[in-house]
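1. Just a sequence and a predicted model for now, questions to come.
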Amino acid sequence: MKKAACLTLCLIAPCPTLAQETVAFVTPSGNIQCVMSAGAYRSVTCELRSLTPSFLDRPADCDLDYGASFRIGEEALTGEVLCAGDTIFGTPNTQVLPYGYSLSHVGVTCQSEMTGLTCLNAGGHGFFVSKARQQLF
């Protein structure tokens, strides 16, 4: 059985609620940071600080960084690799999501494991990211 992250995170800050706009977390290694946003596009965006990129074919219209940021929306049919020029590292009120714990917000659940981070919406679509490998589904 997967443990709910609120058991740990709520000791530090209130548990996320649907009314909360943004929930930010980082994996224990500090290599993966995510922001769960309840704005107009309910989604989770995660960024890797260090990685061996799995996605090397930068789109022709992308003049920014590519392959280190990933997003899944509440109703998206697949995860996506982002073309991004800024970073989410350093987002205020970021909490550590311990290995073996999950956190759900904005219709997406992210599970932190020593092997990496998996984020899925209710349809089972999302992404897996780790320093060694990244995958969309």
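-> Everything's here; your move.
2. which residues does G67 contact?
-> Going by Cβ atoms under 8 Å, 6 or more residues apart in numbering, G67 touches L51, P53, S54, F55, L56, R58, V81, Q134. Where you see a C-beta, it was placed from the backbone N, CA and C, and this is true even at glycine.
3. mind running it again at 7 Å?
-> Contact partners of G67, counting by Cβ atoms under 7 Å, 6 or more residues apart in numbering, are P53, F55, L56, V81.
4. Three-state assignment for R58, please.
-> coil (DSSP: H, G, I helix; E, B strand; the rest coil).
5. can you give me the helices for the chain?
-> Assignment of helices within the chain using DSSP state H yields the ranges 6-12.
6. Most remote residue from the middle of it, which is it?
-> Residue farthest from the centre of the chain, counting by Cα atoms, centre = their mean, is A60 at 25.0 Å.
7. Kindly reformat the contacts of G67 as JSON lines containing neighbour count, distance to C110 and pLDDT.
-> Below are the contacts of G67 laid out as JSON lines (neighbours: other Cβ atoms under 10 Å; distance: Cβ to Cβ, whole Å; pLDDT from 0 to 100):
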{"residue": "P53", "neighbour count": "13", "distance to C110": "20", "pLDDT": "97"}
{"residue": "F55", "neighbour count": "14", "distance to C110": "19", "pLDDT": "97"}
{"residue": "L56", "neighbour count": "7", "distance to C110": "25", "pLDDT": "95"}
{"residue": "V81", "neighbour count": "21", "distance to C110": "17", "pLDDT": "98"}
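8. Lovely, talk soon.
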